[in-house]
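Visitor: below is the sequence, then the predicted model.
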Amino acid sequence: MTDKIEFTLDGKTVVADKGETIWDVAKREGTRIPHLCHVDLPGYRPDGNCRACMVEIGGERVLAASCIRKPAAGMVVKTDTERAKKSREMVFELLASNMRSADAGPDSQSNFWQWASSMGIAGSDRFASKFDGHEVAEFDITNPAIAVNLDACIACGACVRACREVQVNDVIGMADRGGHTIPVFDMHDPMGLSTCVTCGECVQACPTGALFEKTLMDKAGKSRAVQDFDKVVDSLCPYCGVGCQTSVAVKDNRIVQIDGRNGFANENRLCVKGRFGFDYAMSPDRLTKPLIRRDDAPKSGEADLRGVDPLTIFREATWEEALALAADGLKKIRAQHGGRALAGFGSAKGSNEEAYLFQKLVRQGFGTNNVDHCTRLCHASSVAALMEGVGSGAVSAPFTDALKAECIMVIGARPTTNHPVAATFFKQAAKRGAKLIVIDPRGQDLMRHATYSLRFRAGSDVALLNSFLHTIIEEKLYDEQYIQANVSGFEALKAKVKDFSPEAMEEVVGIDAVTLRDVARTYAKAESSIIFWGMGISQHTHGTDNSRCLIALALITGHVGRPGTGLHPLRGQNNVQGASDVGLIPMYYPDYKSVENLDIRGQYENFWGQTLDPKRGLTVVEIIDDIHAGGIKGMYIMGENPAMSDPDQHHARAALAMLEHLVVQDIFLTETAWHADVVLPASAHAEKLGTYTNTNRQVQLGRPALELPGDARQDWELIVDLAKRLGLDWNYSHISEVYTEMARVMPSLKYISWDRIAREDSVIYPADGEDVPGNEIVFTSGFPTTDGRGRIVPADLLPPDEVPDEEYPLVLTTGRMLEHWHTGAMTRRAGVLDAIEPQGIAAMNPYEIERRGLSIGDMISVETRRGTIEAILRADREVADGMVFMPFCFNESPANALTNPMLDPFGKIPEFKYCAARVASLPRRVEAAE
């Protein structure tokens, strides 16, 4: 039996594959059939409602919509008959009768007007418009990014499918009837006041411009103003670890539009940041000239340069003067105190090549392993546990494998906020019938789609997970055969979790024992189960233990090494995986090779031609502490903002101000740069060429779309320049040469050349050959450990370092927002994103607000043992009782001034997710009358 179907298309014999429509086959054969409601992008089902794609089928009385009609053997299809053409022309003329002309409408280049123009249709003299009478088309510009012009709407439903079926947000629906049918947001709310998350999927799907980007329109939001682009560049999103591929349109050296491309990770989808958060790169705040601290501007940890003219603190300098001073200061400290008195913070926002050069500079030029980046503040504990347990810090399966899983566990992560495009795959999987388990002390959007939503007591992660392990072992739901062949430490785990029965743990975790057992059974019994986790797991003093428990769950059930199974810590920044892979961490060379291993170090000493530090370096927080202790005296910081991202912010900023010499390389005068001696203006993501590795292990190529502003320079060139001034004989003529060198010392990149990435855009590592696709699934036949076995490390119950008491009765937890990212340096300079979330907030449950006599919208103080900050109080039912949540992106309400710097002993990650706090109302400020 064959799945091939042979039929005739316009007199030619053609073959359809199973499931293909006539339209699909026609497209493949090069026959263009008009279409409007049919969105030819991944994830969209054909709808057949617009009747623009009608074709004639032999022996049938009526025409058929080719986008939904599947061919049958022997069928005779004609697309070019007079009857079919006239039918399609009639559809377009009738639709055009209700629209403004192409030039006056929202998008003169929409799919509708391109097809209409090909038919010679510019409007209609024969048919009256429905707007000739009393009906008025809705016009809505309440959304900061999207204009709604319903006089261009043809009620095709593409926007509904985009929202409901592709992004699975279900904000848009159709209202009214017949010719009056229109799309509405929620209960016919203005778009900007609805629950719309401004992902822009509806804009990309709309065939007429009824929903359209304001960046391409006139100020009124009525008509398209940007008619052409100077260039369109295939690149990548600069934000989270999903690594969405993008198409970047540029006019007059300004990005004016971003669409998603059909990449493995995003299938054309984007979120609000990826689609509309691009204008930070063109911000007037960009650094364009090197700066040197003025002699009359002493450093202070309390410095606050918001609203201050930078030239009262710094003076502009030439590149030669700035680079000479930067290098001389570092050399002086190296000569007087040795290399270990220096340290470097690199960036997870830069390319792999930049990260490789940065860690090489610190190790070779400074003579120390004191080099780190933001992974220390995100997933260091996850990587520590993964290296210990399975011998690799990378994910074992891509997040797209959620669609292949029978059970999906999401714990300590908020994908709809932090990884929105990845979340679409989870939501789609749940719609298809997968069991979705969402575990979080706070509520979240993903719980609407979940089979089980567990809002457990914050800080009780190990108790919760050990109760799962207890159930699986007690009820013999583990995979004994898999354990015997692949796993060590099972007996020790069995002994450890014996006392963690769900019945004993239900009071600890706040979840009843029956639910705990049901969830454990669901995960264990599924044919394929996959675990995703985020910083809610890792950012604790027991973060490594949390990850150990998750690893144990996968190992004892055999849910690893097969499609739809595995362990996936969702990476936060766009290149945090790649930066770690290439050695931008203090204990490992590239590919996680120990700096303390004599043989490995010898290989690098031969490769780089220099003796290297035999001692592992200090981590991010340890470096800050060592500055206070008088050890570290000079730093080079590239694209990182520890003055905002580090815990106990006052402590961190005081340390930066204490440094004898601080060189900051960035695109903005960040809070960290306030304390610098030399500031080097660098390149934004949209100005770089280089590779980035996303959370799926995809090595992808980012291409430059914009020219550098002013005198700003490429980051990699600045690193090389500083290296030469420090006495290193570096010679690179192109960024690809850096990649080639890097790949020579990274077995993970074997068979993945620069030319291959440039040709394919994206390659998952590891790959088994030059022309062989990379392996999406790893650990299929054992683990990259010394004995090839996964290792279980049992975890005991440890409380958070600091728990609420009478003085500080609340739990403070921190995190990100959908619209803002990391420390806000980029997103708060993006107009759309800042318009949606413009001010620092603290969120509490409405009942907690009422109990404490507070009022929503008031300014409150949030205080911990490390300080006090002010923020606007917001009601949020997702926040648990007894908890206050704060994002850490607002410099006017810097949450990390309050957080606990206590470290996980293994991953050296601070406890951002839990500390004791109290809140109080502040007097209302009375603004003086003008």
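Guide: It's in. The shown structure was predicted, so the numbers you read here are calculated from the model rather than taken from an experiment.

Visitor: could you pull out the strands for the stretch 251-400 of the chain?
Guide: Listed in chain order, the strands of the stretch 251-400 of the chain (DSSP state E, counting those that start in this stretch) span 254-260, 291-293, 314-316, 342-345, 371-372.

Visitor: ok, which of those strands comes nearest A654?
Guide: In terms of C-beta to C-beta, the element of these nearest to A654 is strand 342-345, at 16.1 Å. Every C-beta, even on glycine, is put in place using the N, C-alpha and C of the backbone.

Visitor: quick one: strands adjacent to the closest one?
Guide: The strands beside strand 342-345 in its sheet (DSSP bridges) come out as strand 371-372 (parallel), strand 634-638 (parallel).

Visitor: rebuild those strands as a markdown table, extending it with mean neighbour count and mean pLDDT.
Guide: Output for the strands paired with strand 342-345, formatted as a markdown table (neighbours: other C-beta atoms under 10 Å; pLDDT from 0 to 100):
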| stretch | mean neighbour count | mean pLDDT |
| --- | --- | --- |
| strand 371-372 | 28 | 96 |
| strand 634-638 | 27 | 98 |
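
Visitor: any chance of those in JSON lines, with distance to G788 too?
Guide: Below are these laid out as JSON lines (distance: least, C-beta to C-beta, whole Å):
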{"stretch": "strand 371-372", "distance to G788": "30"}
{"stretch": "strand 634-638", "distance to G788": "38"}
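
Visitor: looking at the ones you listed, which is nearest to R32?
Guide: The closest of the strands paired with strand 342-345 to R32 is strand 634-638. By C-beta to C-beta, the value is 49.4 Å.

Visitor: quick one, longest helix in this protein?
Guide: Longest helix of the chain, by residue count under DSSP state H: helix 319-337.

Visitor: between strand 634-638 and that one, find me the angle.
Guide: Put simply, helix 319-337 runs at 140 degrees to strand 634-638, going by axes from the mean of the first three to the mean of the last three C-alpha atoms, to 10 degrees.

Visitor: all further residue positions should be reported with the first residue as 704.
Guide: Right, with 704 as the first residue, what we last looked at is helix 1022-1040.

Visitor: alpha carbons of helix 1022-1040, as CSV, please.
Guide: C-alpha atoms of helix 1022-1040 as CSV (Å, rounded to 0.1, in the frame of the first residue of the first chain):
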residue,chain,number,x,y,z
TRP,A,1022,40.6,55.3,21.0
GLU,A,1023,44.4,55.3,21.4
GLU,A,1024,44.3,57.1,24.7
ALA,A,1025,41.4,55.0,26.0
LEU,A,1026,42.9,51.6,25.0
ALA,A,1027,46.4,52.6,26.2
LEU,A,1028,45.0,53.6,29.6
ALA,A,1029,42.8,50.5,29.8
ALA,A,1030,45.7,48.2,29.1
ASP,A,1031,48.3,50.1,31.2
GLY,A,1032,46.1,49.9,34.3
LEU,A,1033,45.6,46.2,33.9
LYS,A,1034,49.4,45.6,33.3
LYS,A,1035,50.3,47.7,36.3
ILE,A,1036,48.2,45.5,38.6
ARG,A,1037,49.5,42.3,37.0
ALA,A,1038,53.1,43.5,37.5
GLN,A,1039,52.6,44.6,41.1
HIS,A,1040,50.2,42.0,42.5
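
Visitor: mind giving me the packing neighbours of that helix?
Guide: strand 994-996, strand 1045-1048, strand 1337-1341, strand 1364-1369, strand 1381-1384, helix 1418-1428 (3 or more C-beta pairs under 8 Å, 6 or more residues apart in numbering; DSSP states H and E).

Visitor: show the average pLDDT along the next helix-or-strand element following the longest one.
Guide: Next in sequence after helix 1418-1428, counting helices and strands by DSSP states H and E, comes helix 1438-1447. Confidence over helix 1438-1447 (mean pLDDT, whole number) is 98.

Visitor: now stretch 1546-1565
Guide: The pLDDT scores in stretch 1546-1565 average 96.

Visitor: so which bits of it are buried?
Guide: 1546-1548, 1551-1552, 1555, 1557, 1562-1563, 1565 (16 or more other C-beta atoms under 10 Å).

Visitor: between the two ends of that stretch, how far is it?
Guide: Its start and end residues considered, stretch 1546-1565 measures 11 Å (C-alpha to C-alpha, to the nearest Å).

Visitor: ok, residues contacting that stretch?
Guide: Stretch 1546-1565 has contacts (C-beta atoms under 8 Å, 6 or more residues apart in numbering) with 1515, 1545, 1571-1589, 1601, 1620-1625, 1627-1628.

Visitor: and with 7 Å instead?
Guide: Outside stretch 1546-1565, the residues that touch it by C-beta atoms under 7 Å, 6 or more residues apart in numbering are 1515, 1545, 1571-1580, 1582-1585, 1587-1589, 1601, 1620, 1622-1625.

Visitor: just the buried subset of the residues you listed, written out for ChimeraX, thanks.
Guide: A single ChimeraX command selects the buried members of the contacts of stretch 1546-1565 (16+ other C-beta under 10 Å):
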select :1515,1545,1572,1574,1575,1576,1578,1579,1582,1583,1587,1588,1589,1601,1620,1622
